[in-house]
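**Q** I would like the atomic coordinates for the input below:
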Amino acid sequence: MRAPLIFLILIILAVLALVGYNSGWFGGATAPGAGPATATNGTPSPPGVTTDPAAEPDEPVGDGGVEQLPDEAKAEPDADPVKTPDVPAAATFGHLPAGDLIPKSGSGYLDRTVWSPKLCFPFADDAFANSQVYGAGGGMGPKDHPGQCDPMNYTLPWRDNFCESRGYASPLCAVGKGHQGQDIRPATCKKDKHWVVAAEDGIITDVGTYTVTLTGEAAPHRVYRYLHMRMNQLAVKEGASVKAGDNLGKASNDFGGTPTTIHMHFEIRSGVAGTSTDGKPVVLHTFLPPYQSLVAAYDRKRAGQACH
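**A** Numbering: from 1, shown residues only. The predicted model follows:
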């Protein structure tokens, strides 16, 4: 009698062991819904890291200057409903002071330095400098003006938006981070129509997913970065030499895998160490306020002065 009883006990223990293994009691197979997410190659994903390739933009870190989060992007217009007003002569060109941002959009930086004294205005046509995110159609724009083609985006005066609230490092901003450049809308709310041009003679030193970088040929070798052109129709390639005023590409809304509104984000980075007008140290490649340089360049353009 003892042998059959022992045999029965062994069978029961074997069944319990098999059930326990399949249920994960002893570190075996994981039950459905338990344990860490697993990537497509079978490797567990670190906590908080998604394995969905469409969940994040494909732009490499450091190529940023991001305007708005992908989930705030607005639909593209099918046509240009804006009747752009005539732009006044240079003597009456309307622009608000440097550092005067849209209320509640961040702390502006009042710097009167014209960091690029001979800057060629980066649009071949007229243009409107204002906020993309806090303007009509932007992710933080006025609810009663929901469309990016709203006339308020295509009227004077210009408005600075350097240091507008962002999470990106910008040392000259009051909190050490903010918008790293200036948003500029083309003459009309129509993508792939208006040429963006070289700010000065130089070399195209980088072409990213939605950025083009131009490094000045002459000292102090300022670095200019342009975002959101139509990237598959550029007039230049990485390594190309350009002259001030040469066509680079057309203003659009390219933003990696997610479109933004139709505009061009323009940056100037320092080519040499120095000091701002309020005594802040400026190290190599610091993001510089472009607004005053753009205003002066636009005045020259309206007065008929050529870049070459």
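**Q** burial of the spatially closest residue to residue 182 that is not a sequence neighbour, as a residue count?
**A** Nearest non-adjacent residue to residue 182, counting by Cβ to Cβ, 6 or more residues apart in numbering: residue 290, 4.7 Å away. (Glycine included, C-beta is placed from N, CA and C.) Neighbour count of residue 290, defined by other Cβ atoms under 10 Å: 28.
**Q** try residue 112
**A** Neighbours of residue 112 (other Cβ under 10 Å): 13.
**Q** go on, residue 247?
**A** 14.
**Q** list the contacts of it.
**A** 124, 195, 196, 197, 235, 236 (Cβ atoms under 8 Å, 6 or more residues apart in numbering).
**Q** quick one: the fifth one from residue 303, how far?
**A** Taking Cβ to Cβ, to the nearest Å as the measure, residue 235 and residue 303 are separated by 26 Å.
**Q** which residue ranges of the stretch 201-308 of the chain form strands?
**A** 202-207, 211-216, 223-227, 241-242, 247-250, 264-269, 274-275, 281-282, 287-288 (DSSP state E, counting those that start in this stretch).
**Q** for these, give me TSV that also has distance to residue 116.
**A** Compiled in TSV, the strands of the stretch 201-308 of the chain are given as follows (distance: least, Cβ to Cβ, whole Å):
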stretch	distance to residue 116
strand 202-207	12
strand 211-216	8
strand 223-227	8
strand 241-242	15
strand 247-250	16
strand 264-269	6
strand 274-275	13
strand 281-282	13
strand 287-288	8
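**Q** isn't residue 139 up against residue 133?
**A** Yes. With contacts defined as Cβ atoms under 8 Å, residue 139 counts as touching residue 133 at a distance of 5.4 Å.
**Q** nearest residue to residue 165 other than its sequence neighbours?
**A** Residue 165 sits nearest to residue 106 (Cβ to Cβ, 6+ apart), 3.8 Å away.
**Q** do a quick rundown of the helices in the protein.
**A** 2-22, 291-302 (DSSP state H).
**Q** of the ones you listed, which shows the lowest average pLDDT?
**A** When the helices of the chain are compared by mean pLDDT, helix 2-22 comes last with a mean of 56.
**Q** distance of residue 237 relative to residue 246?
**A** For residue 237, the distance to residue 246 - Cβ to Cβ - is 13 Å.
**Q** the two - which one has more neighbours?
**A** residue 246 (20 against 9).
**Q** need the contact list for the more buried one.
**A** 197, 198, 235, 236.
**Q** phi and psi next, for it.
**A** phi -70, psi 150 (degrees, to the nearest 10).
**Q** so for it, what's the pLDDT?
**A** Reported pLDDT for residue 246: 98.
**Q** roughly how far does the residue nearest to residue 186 when sequence neighbours are not counted sit from residue 140?
**A** Closest residue to residue 186 apart from its sequence neighbours, by Cβ to Cβ, 6+ apart: residue 194 at 3.7 Å. Distance of residue 194 to residue 140, given as Cβ to Cβ: 25 Å.
**Q** who has more neighbours, the two?
**A** residue 194 (20 against 16).
**Q** and of the contacts of residue 247, the nearest to residue 254?
**A** residue 196 (11.9 Å; Cβ to Cβ).
**Q** is that closest one in contact with residue 254, as I believe?
**A** No. When contacts are counted by Cβ under 8 Å, residue 196 is not listed as touching residue 254 (11.9 Å).
**Q** which one's more surrounded, those two?
**A** Neighbour totals were compared for residue 196 and residue 254, and residue 196 leads with 27 against 22 (other Cβ under 10 Å).
**Q** mind listing what the closest residue to that one other than its chain neighbours touches?
**A** Distances taken as Cβ to Cβ, 6+ apart put residue 248 closest to residue 196, at 5.0 Å, once the chain neighbours are dropped. With contacts taken as Cβ under 8 Å, 6+ apart, residue 248 has the following neighbours: 195-198, 204, 212, 214, 226, 229, 234-236, 242.
**Q** nearest to residue 286, of those residues?
**A** residue 214 (17.1 Å).
**Q** next up, the contacts around residue 290.
**A** Contacts of residue 290 by Cβ under 8 Å, 6+ apart are 115, 116, 162, 181, 182, 266, 267, 268.
**Q** okay, now the spatially closest residue to residue 142 that is not a sequence neighbour: neighbour count?
**A** Nearest residue to residue 142, sequence neighbours excluded (Cβ to Cβ, 6+ apart): residue 136, at 6.4 Å. Using other Cβ under 10 Å as the criterion, residue 136 is surrounded by 23 other residues.
**Q** since that was my last question, I'll sign off now.
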